[in-house]
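just coords:
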């Protein structure tokens, strides 16, 4: 049996993960990561936040009920540098980041595992809906959870082999309903706590407002242009937009228009028709392979280009050093720079990368 540090968020999933591991005979230690606690308690309660002050109290009560040691550890510095600064820099560069992916890799795993080892633990565990398998080639990979409705492998594609080898994810073998049922049966107060939905450090979903307040910068207006470069009107700053966006553009063109591209170098936002948002090719960098060590020949996969994308058939191949080309069988809508493309072979995560765009980069 192992000595396991469980990241307790105060929610039902991580709480049941701790219970399942203790029931299996492991020595379980609960840890809540303080990473963003500046929001009002009431706001965090309303959003079911995984990082708020209320989460600490909920997690503490769960640990007491399960009779396991419990600690609160400060990870604010790591979270600021690895997540918030990255989030802001990506928006300023005209990309749309996924901060949860960065948080998972560099804070919830890299930093937590380091602290866990420092207190003598063998591994860490989380309440994510995913499973970890060791493949015949001796590599570790993520496998989809038993329920597609809650599968979280997309946001975990960037984990390393060492991190996977030293992680447990007991919740991935259950559906959400089963997890809530277990919590209710053992009397956990968080059995019916709502899931957190928004980015924890932007609970009001106003990304642009957060960036302006955080940086102390103002972002100038610029031109809306069409794909031919013709000026259509004025936008209120590039941090207010993302590829595929239709609502909140603040411009009337007599026909539906969508954001197709953001050009920080010229401070332009390109608008287009819905049909012009489709592409059958994307390029991506910052590759992390999981089920394979490298990609030597083209490979057929199912590729997801955002968390709620159902996935589409594609062929992947290397197009240069740390440059992945993904060619889809059918064109996909609103391929967004900054988001992740995650690759699957059946239920197994092959790996993933960060989307650069639909055209091969010049470098």
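Ah, there it is. Because the structure is a prediction, the values reported are computed rather than measured.

contacts, neighbours, all on C-alpha from now
Noted.

Buried residues, the strand or helix carrying residue 86. List them.
Under the criterion DSSP states H and E, the helix or strand holding residue 86 is helix 85-92. Buried residues in helix 85-92, counted by 16 or more other Cα atoms under 10 Å: 86, 87, 88, 90, 91, 92.

Columns distance to residue 72 on top of the residues you listed, output as a markdown table?
As requested, the buried residues of helix 85-92 are exported to a markdown table (distance: Cα to Cα, whole Å):
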| residue | distance to residue 72 |
| --- | --- |
| 86 | 25 |
| 87 | 25 |
| 88 | 27 |
| 90 | 30 |
| 91 | 31 |
| 92 | 33 |
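
next helix or strand past the helix holding residue 86?
Sequence-wise, the next helix or strand downstream of helix 85-92 (DSSP H and E) is helix 99-103.

For that following helix, give me every contacting residue.
79, 82, 83, 84, 86, 87, 155, 156, 157, 158, 199 (Cα atoms under 8 Å, 6 or more residues apart in numbering).

what do you get if the cut-off is 10 Å, keeping everything else the same?
By Cα atoms under 10 Å, 6 or more residues apart in numbering, the list of residues contacting helix 99-103 from outside reads 35, 78-80, 82-88, 90, 107-111, 154-159, 199-201, 339-340.

mind listing what residue 267 touches?
When contacts are taken as Cα under 10 Å, 6+ apart, residue 267 is in contact with 94, 219, 220, 221, 222, 223, 224, 235, 237, 238.

thought the fifth one was touching residue 240?
Looking back up the chat, that one is residue 222. No - proximity of residue 222 to residue 240 does not meet the contact threshold set by Cα atoms under 10 Å, at 11.6 Å.

quick one: buried residues of the helix ranked longest in the chain?
Of all segments of type helix in the chain, defined using DSSP state H, the longest is helix 53-66. If you call a residue buried by 16+ other Cα under 10 Å, then helix 53-66 has these buried ones: 53, 54, 55, 56, 58, 59, 60, 61, 62, 63, 66.

And stretch 163-171, by the same measure?
Quick answer for stretch 163-171 (16+ other Cα under 10 Å): 163, 164, 165, 167, 168, 169, 170, 171.

Sitting in strands, which of these do you find?
Secondary-structure check on these using DSSP state E: residues within strands are 167, 168.

would you list the buried residues of stretch 163-171 in CSV and tack on distance to residue 124 and pLDDT?
As requested, the buried residues of stretch 163-171 are exported to CSV (distance: Cα to Cα, whole Å; pLDDT from 0 to 100):
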residue, distance to residue 124, pLDDT
163, 9, 97
164, 10, 98
165, 10, 98
167, 5, 98
168, 6, 98
169, 9, 98
170, 11, 97
171, 14, 97
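
with the buried residues of stretch 163-171 in mind, which one is nearest to residue 209?
Distance from residue 209 was checked for each of those by Cα to Cα. The minimum falls on residue 163, at 34.7 Å.
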